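# Sharing a model that was predicted from the sequence below.
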Amino acid sequence: MESRSGCGPLIAPLNDTMRPLRQQIFERVRAAGLIPRVEVAKALGISPASVTTLTSELIDQGLLEEVAAPRATSDSGRGRPPVALGVRPEAHYVAGIKLSDREHTAVIVDFAGNVIASEAIAMVANSKSVEDLLDTCETLIDLVTEKSGVARTRLSSIGIGVPGFVEGRSGRVIWSPLLANKMVDLAPQARERFDLPVTIDNDANLVALAELWFGAGRELSDFAVITIEHGVGMGYVMNHRLFRGAEGLGTELGHVKVQLDGALCRCGQRGCLEAYIADYALAREAATALDQSAADIQGTAALLEHLHEEAKKGNKAAKSIFNRAGRYLAVGLANVVNLFDPSKIFLSGGRMRYDFLYANDVLAEMDTLVLNTRHDVTAVEVHSWGDLLWARGAAALALSSLTETCLNGGVETGTA
């Protein structure tokens, strides 16, 4: 007997009829983990005969398998054990990689969404060439495949996340702090290097995908994820799908303007929200308020930790920096609510340990800036997944793309 937790969005019955039926069936099974055929038929509102026919095809393709399911507690145990459908985990393996300007992470995930192994390495050089970036990816893939016991030749797809502006459809990086040049066709070059399908996206979208596939967003049709790290990003899920905009460049909350001719943002423009609440923005003000630079305290991260400690001790200048950043964050959150009306907002990222940013008075100020519709104000939750969050989102990106190809493009599955 076996139980599986499942992964992927838990889409309400009859809410996804535009997708091919065999894909709806497959994704229903993967989301459930294990599910009897009769429950699939009920969930999708189709005949049991149709489910039997299509699942038989998926089993023949090696994508699904029959699994002895746990008996109900009232079951006497006699007769044939119940059988459920599950995704065949070893059908495919994907790698998810998150690249950053401090640490790079990677995971290997099977076709059912189970994390097989993970790895992390520090950034050792400040090179911003495409070749060096792909070398880093190759190193991570070698390390994590060796750790997982999954041969590199067994990988079917790779998902990569980078900070900056990314055209999700083409895999072109318009701008990233990791690259010296703009308009870099990173996905095509990665495909050529690894001889595998490669999908690339903005790192904030990866966090939204991680919540949608593995986290608290699985049952939510519409939600926003806002990340506060080296920059400020947002991923938005609409009707259980990641919303990217016409060119895959949408929902750049960090670059919404909150002050005309304001503080300089790392994107080159002025007055962006990011320029008031990201780590470099806080460090810029901390250096003045505390009369200490990042160089004096061995880096931006250490400077911010010192700033937070001083604020906790009651240092008025330190507290004022966080309070000001919190007010700007309240403006950003209110704008998201007024524009999209999400059922929930998740705050994520390394800066979430600085509780001044999401203190009660910050959220209260957000409430005052949201349109008064007499409905409950959108709930805001803080989630701290750890560094592997981003890589798991990259794996979800690869799984999503691979699933589309397998179910609509006839890709052969791997063998155990």
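Arrived safely, thanks for sending.

# List the contacts of residue 366.
Residues near residue 366 by C-beta atoms under 8 Å, 6 or more residues apart in numbering: 330, 333, 334, 337, 377, 380. No exception for glycine: its C-beta is placed from N, CA and C like everyone else's.

# Ok, residue 164 next?
Per C-beta under 8 Å, 6+ apart, neighbours of residue 164: 173, 174, 175, 176, 177, 178, 179, 202.

# closest to residue 59 among those?
Lowest distance from residue 59 to the contacts of residue 164 (C-beta to C-beta) belongs to residue 202, with 36.4 Å.

# where does the closest one sit relative to residue 259, distance-wise?
As judged by C-beta to C-beta, to the nearest Å, residue 202 and residue 259 stand 24 Å apart.

# can you list the domains in this structure?
According to automatic domain parsing, the chain comprises the domains 15-87, 91-209+389-408, 252-342+351-384.

# The residue lying closest to residue 186 once chain neighbours are set aside and residue 116, how far apart?
Nearest residue to residue 186, sequence neighbours excluded (C-beta to C-beta, 6 or more residues apart in numbering): residue 173, at 4.9 Å. Counting by C-beta to C-beta, the separation of residue 173 from residue 116 is 28 Å.

# Same question for residue 355.
Distance of residue 355 to residue 116, computed by C-beta to C-beta: 35 Å.

# likewise residue 122?
Relative to residue 116, residue 122 is positioned 23 Å away (criterion: C-beta to C-beta).

# Looking at the two, which has the bigger crowd around it?
residue 116 (16 against 7; other C-beta atoms under 10 Å).

# Can you give me every residue that contacts that one?
By C-beta under 8 Å, 6+ apart, the contact set of residue 116 is 93, 107, 108, 109, 110, 148, 149, 150.

# again, but for residue 271
Going by C-beta under 8 Å, 6+ apart, residue 271 touches 257, 258, 259, 260, 261, 262, 263, 265.

# Any stretches of the stretch 151-300 of the chain with poor pLDDT?
Where the stretch 151-300 of the chain drops to pLDDT under 70, the residues are 292-298.

# surely the residue nearest to residue 186 meets residue 163?
No - Residue 173 is beyond contact range of residue 163, at 9.7 Å (criterion: C-beta atoms under 8 Å).

# and the residue nearest to residue 186, helix, strand or coil?
Secondary structure, DSSP: H, G, I helix; E, B strand; the rest coil: residue 173 is strand.

# Distance of residue 199 relative to residue 131?
For residue 199, the distance to residue 131 equals 20 Å [C-beta to C-beta].

# the more surrounded of these two?
Legend: neighbour count by other C-beta under 10 Å for residue 199 and residue 131, higher for residue 199 (23 against 10).

# how about the more buried one, phi and psi?
Main-chain dihedrals, residue 199, degrees, to the nearest 10: phi -120, psi 140.

# cool, and the one 5 residues further on?
When read as degrees, to the nearest 10, the backbone of residue 204 gives phi -70, psi -40.

# ok, the closest residue to it other than its chain neighbours - contacts?
In space, and not counting its chain neighbours, residue 204 is closest to residue 233: 2.7 Å by C-beta to C-beta, 6+ apart. Residues near residue 233 by C-beta under 8 Å, 6+ apart: 163, 202, 203, 204, 205, 207, 226, 227, 252, 253, 254.

# Three-state assignment for residue 233, please.
Here residue 233 is strand, with the state taken from three-state DSSP.

# what bridges to it?
residue 227 (DSSP bridges).

# I'd like the numbering to begin with 17 instead of 1 from here.
Got it, first residue is 17 now, which makes that one residue 249.

# State the distance from it to residue 288.
Distance from residue 249 to residue 288, by C-beta to C-beta: 12 Å.

# anything in contact with each of those two?
Shared contacts of residue 249 and residue 288, counting by C-beta under 8 Å, 6+ apart, come down to residue 270.

# now the contacts of residue 382 in a markdown table, with distance to residue 326, neighbour count and secondary structure?
Converted to a markdown table, these look like this (distance: C-beta to C-beta, whole Å; neighbours: other C-beta atoms under 10 Å; DSSP: H, G, I helix; E, B strand; the rest coil):
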| residue | distance to residue 326 | neighbour count | secondary structure |
| --- | --- | --- | --- |
| 346 | 22 | 22 | helix |
| 349 | 26 | 26 | helix |
| 350 | 29 | 19 | helix |
| 353 | 32 | 21 | helix |
| 393 | 32 | 16 | coil |
| 396 | 26 | 19 | strand |
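
# so which of those comes closest to residue 171?
Of these, the one sitting nearest to residue 171 (C-beta to C-beta) turns out to be residue 396, at 37.4 Å.

# Could you tell me which residues make contact with the residue lying closest to that closest one once chain neighbours are set aside?
Among residues not flanking residue 396 along the chain, residue 361 sits closest, at 4.8 Å (C-beta to C-beta, 6+ apart). Applying C-beta under 8 Å, 6+ apart, we find residue 361 in contact with 239, 240, 241, 242, 349, 352, 353, 394, 395, 396, 397.

# rerun that using 7 Å as the cut-off
Contacts of residue 361 were listed using C-beta atoms under 7 Å, 6 or more residues apart in numbering, and they are 240, 242, 349, 352, 394, 396.

# Tell me which two in those residues are the farthest apart.
Within those, two members stand farthest from each other by C-beta to C-beta: 242 and 394, at 11.7 Å.

# Looking at those two, which one has more neighbours?
The residue with more neighbours, out of residue 242 and residue 394, is residue 242; 26 against 21, by other C-beta under 10 Å.
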